[in-house]
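K.L.:
Make a model of this:
(3 chains)
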Amino acid sequence: MCGANRGCLEPVADGYPVRRADRTGCGAAMMNVTIDVKHVTRVEGHGNIAVRLRDGKITHLQLAIVESPRFFEAFLRGRHWSEAPHITCRICGICSVGHTTASVKAMEAALGMTVSEQTVMLRKLAFFGEQLQSHVLHLYFLAVPDFLGVGSVIPLAKSHPDVVKRALRMKRLANDVCSVVGGRHIHPIALHVGGCTHVPADEDLIDLKRRLEAARADLNETVSLFSMLSPPELHRDTEYVSLKDAAGEYAFYDGDIVSTKDARPTPVSRYRERVIESVVQHSAAKHCRSPHAPTYAVGALARFNNNHAQLHPAARGAAEVLGLRAPCDNPFHNNTAQLVETVHCVESAIELIDAMLRRGLRAERPVEPTRFGRGAGAAEVPRGVLFHEYEVGRDGKIAGANLIIPTGQNLANIEEDMRAMVPRMIEAGKTREEMTLQLEMLVRAYDPCISCATHFLEVEWQ
Amino acid sequence: MLDLMVTPADFVALVNELGRKRRIIGPVARGDRYFYEEVGDAARLELGFSYAVYGPKSFLFPAVETLFRFEADNGSFTAEPVYDDRPAAFVGVHPCDLHAIRLLDRVFAQDRRDEHYLRRRGATMIIGIDCARPCNEGVFCADMKCHQADEGFDVMLLPLSDGDGNRRWGLKFGSAAGREWLTYSRRCTAPTAADERAAETFLRAKAAAFPRALTTRVERLPELLERSYDSLLWEATARRCYSCGSCNLTCPTCYCFDMSDSLDLSLTSGVRQRLWDGCQLPGFALVAGNHNFRPRAAQRLRHRIFRKAKWIRERTGVAGCVGCGRCDRACTAKISAVEIYNQLAELD
Amino acid sequence: MKPKIAIFSLTSCEGCSLAILELEDQLLDLLGAVEIVNFREGMTERAWDIDVGFVDGAVSTPQDDEEVRHFRAHCKTLVAIGSCACLGGINTLKHYQSGGATRDEGAAHAAGGNGRVAEYRRYVYGENAEWFATTPARPISAVVAVDYQLPGCPMVKEEFVELVKCLLIGKPFRLPETAVCVECKRRGSRCLYEMGIICFGPITRAGCNAICPAYGSKCEGCRGLVSPDAIAAAGINLREQYRVDLNEALADLRLYGAYQEALLP
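P.N.:
Residues are numbered from 1 along each chain as shown, chains lettered A, B, ... in the order given. Now for the predicted structure:
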């Protein structure tokens, strides 16, 4: 849902939105196939998959992003610096704490502000809440239905009520973590440039801690459930890019840019050296490449590959149970890495709350700007590393902005994965329906947030 | 004048003993403001508080209160009233707010008795605290003759000190229940002649400490308003009024409420609740057929002022406005009741 | 027969759709009371026989325009959810780029009048700006008839549940006609004006339980203006009591509510 730059390119089909998949002929023998998935479901935003095969060769393959362009970067100009986080969190309902965090950090860099330790602690707690919320939503509501052979979580409420209730319980807890700090999960209120306008009461923190501890049982059940599912095998040499926090924390809130192909840290202020954006016609979200590869991946798996040693021991234990080992180059295991991070976030949130209670929280005055200039900030939001950069004029109004969204960074890589996957599926004699499902599952494995980047996927097989 | 004396520490212990049988409600600090809340330990009570953001109605007549639960299934309908008559001790009520409780008691008992209020009130023991000086700028409690209270409490505390400057509470009984609670307590002592003198000094100092803001005597306000019904001041002032109702909602004597039914998603059960309403809200006097008796802000403002200073006193015999100044402080448009009285007197 | 419900998204963050998934404890009860037949973000199946359709997002592209007409044609009752669908929302900020001062001027710029690609499009997409179609951002009521509106950024999920219940039992649904201050006072939050901050609480429609002031932040008016009278009072108070120019203050209202200028003085 991070629709910083969205565009609609695909014309609306008659009777939209139905699948336009060619219903005639399927099976391995088929040499000419068109797959055309209009608006991939169970992802955030609108995207289409289009694949055309002629004589068994890919003639056309596209993950088209048809989300509306939204022009956040343009319309931030002229707004007061303090409004940046409240405007940019509206890029995406799922990732709004993430956008807020990257935004306040970028703006504080531009204005020469250093926030208090307490502010950083509060932001980190909200951030753990959002990772939990997003990962649980994705794992249970968007991904699990594929593995259980249903179209959504709704039939599971009847067939697997315990699973659905567990998912809702965990999601609610995640929401409440965000709410205690920021007032609500979707478009948080209290997180501002320079500080927080609300301080949680000790009672609320103690209650959260108790519930987080109780959630360990749900986490164990979740790990057991996912250890029984077998994601498809797809291996392709991929560059995984993420932040890495030299200070020793598993990078969510802070760090320098590293990758599996270049472990030298690049500070966020020089992000343009590691992320090169381009506009492509079939995507209202810009594509990205790195200096080392034409495509790269960000997200939970990238973080896991670069920072697994910094995971909480309980999360490392979960990775072992789930059979996830770094380096892993199977994109379907992004889901597995999300689950490992879920365990990490619960344990880290408990430790963070303990630290808050020990130190005692009190109302603080927000920090004021020391200059007006240019600055960049980044955060590892659920779907990968997110960059915000702002320039603020002497009048305190935003003069320029650049936002680089995780899903945008993944789009070209998803297309490359599809290119690698299609010939193998044909070789394995998959039907068109099976191929379509697997391609959709691949897209969903990346957990794309297309409003963030722009909307869905059209698979056309010919 | 005094019945007993007690040290602050012993008083906390006494309240905690009382807490075994009663819920303890009193002023609690939230940041730099105070609210009446239930506490588990009387040591949390901030008895030196300035004023509670909401008067005692926040406990006795909560902002949202469930009146009854209902179930409807297959044509049958049952409703079960909800009362809260758990024994409570309401500790730390200033004189102005005691006057406000007096009004609520009259209103909810007259004509049709309001069991929800009266049962809670009947189970509540009230421990007042006298104030030595105005709790805030802009109060006009002395003008309204509400800065002292001789009744409406079970026990009243006077903040005194002994000859060595140690703080002591002087206790006055206002009811048999108050007397029964403390008379045989070993934590209290009989007042000495010095204590009595301290109490007299306290009252003399208090009388001098409260400024007068009103240019008209409170007894004259009803006549003044009578003559000012058609004053141009209502329109001139109400042009600033947002009709947001903040004055009503923070007023300790505003008792109007709205009701709403809330149904569960099963559509078979639900609750009826009442919640604070306010005569300044545009839809307050809207009735079936879409007629609004007071469509203009000026009419609503006049209505509020008439009730506070004239009609309620005429109808119930007690003050409709206690001069606590909460309405003036809550108004972002800075409309002030006391200023309105003074301007009307000037125009009169 | 349980009513068939659909949830659609136009140009938006989809936060309002997500808020439905975030009903958490109430979600199973909701699924017991209604049947969700079309919800792209949450399910694969899609049906077009719909009793109540909920739409978040603004109409901001030619495709949105077609889609919202399609929704209208297939939904017996159509509900706009969130500030984007009800008031134009944050998407309308693009109108005020490159010199658009008022809503109409801004909309003309957004459309890139006379075939000109508006500057803001070039700012994001460079020389390829024309690849990405866009129109002025409008609330859906600017294109189709809307039966109910649930404003807010994001929408208030409790209000959503309330509307569903009203529809189920055939009870009239009305938005609160009071200002945010009412809820702020019922909940005991500190008034932002006490801290010298201009808050839109007195002029904004209640129903959000005054959540922003409760967390120390000013009301930004995301639920829309409560009445023209309140705006008139605001003009006087801001000038006389706070020495703030109304127009400057109201520029902030454009964050979520650009399509209310008819209500402005």
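K.L.:
average pLDDT for the helix or strand B:Pro27 falls within?
P.N.:
Per DSSP states H and E: B:Pro27 is located in strand B:23-30. Averaged across strand B:23-30, pLDDT comes to 95.
K.L.:
What segments of the chain are helices?
P.N.:
I went with chain A, as the question did not name one. A:72-75, A:84-88, A:96-110, A:117-136, A:144-147, A:156-159, A:161-182, A:202-228, A:300-307, A:313-322, A:334-359, A:406-427, A:432-445, A:450-453 (DSSP state H).
K.L.:
Actually, chain C is the one I wanted.
P.N.:
Counting by DSSP H, the helices of chain C are C:15-21, C:27-33, C:62-74, C:82-87, C:103-110, C:119-125, C:157-169, C:180-187, C:211-214, C:228-240, C:246-251, C:254-257.
K.L.:
Ok, chain B next?
P.N.:
Under DSSP H, chain B gives helices at B:8-18, B:57-60, B:95-109, B:115-122, B:176-182, B:193-209, B:221-227, B:233-238, B:246-250, B:297-306, B:312-316, B:326-330, B:337-347.
K.L.:
Can you point out the buried residues in the third one?
P.N.:
By neighbour count, and taking 16 or more other CB atoms under 10 Å in any protein chain shown as the criterion, the buried residues in helix B:95-109 are B:95-105, B:107-108. From N, CA and C alone the C-beta is placed, and that goes for glycine too.
K.L.:
before we move on, what about the longest one?
P.N.:
Using 16+ other CB under 10 Å as the burial criterion, the residues of helix B:193-209 that qualify are B:Asp195, B:Ala198, B:Ala199, B:Phe202, B:Lys206.
K.L.:
Relative to chain A, which of the residues you listed is nearest.
P.N.:
Of all the buried residues of helix B:193-209, B:Lys206 has the smallest distance to chain A: 33.4 Å, by CB to the nearest CB.
K.L.:
Which residue is the nearest non-sequential neighbour of that closest one?
P.N.:
Nearest residue to B:Lys206, sequence neighbours excluded (CB to CB, 6 or more residues apart in numbering or on different chains): B:Ala132, at 5.6 Å.
K.L.:
My guess is the one you found contacts B:Ala208. True?
P.N.:
No - using CB atoms under 8 Å, B:Ala132 makes no contact with B:Ala208, being 10.7 Å away.
K.L.:
follow-up on the earlier one: in contact with the residue nearest to B:Lys206, which residues?
P.N.:
B:Pro159, B:Phe202, B:Ala205, B:Lys206, B:Ala209 (CB atoms under 8 Å, 6 or more residues apart in numbering or on different chains).
K.L.:
quick one: it from chain C, how far?
P.N.:
To chain C, B:Ala132 is 25 Å away according to CB to the nearest CB, to the nearest Å.
K.L.:
Please report how far the spatially closest residue to A:Pro448 that is not a sequence neighbour lies from B:Glu151.
P.N.:
Take A:Pro448 and drop its neighbours on the chain: the residue closest to it by CB to CB, 6+ apart is A:Thr407, 4.6 Å away. Distance, A:Thr407 to B:Glu151, by CB to CB, to the nearest Å: 70 Å.
K.L.:
How about residues contacting the lowest-mean-pLDDT helix or strand in chain B?
P.N.:
Least confident helix or strand of chain B, by mean pLDDT, DSSP states H and E, is helix B:312-316 with a mean of 89. With contact meaning CB under 8 Å, 6+ apart, helix B:312-316 is reached by B:Leu103, B:Arg106, B:Val107, B:Gln110, B:Pro222, B:Thr253, B:Val318, B:Ala319, B:Gly320.
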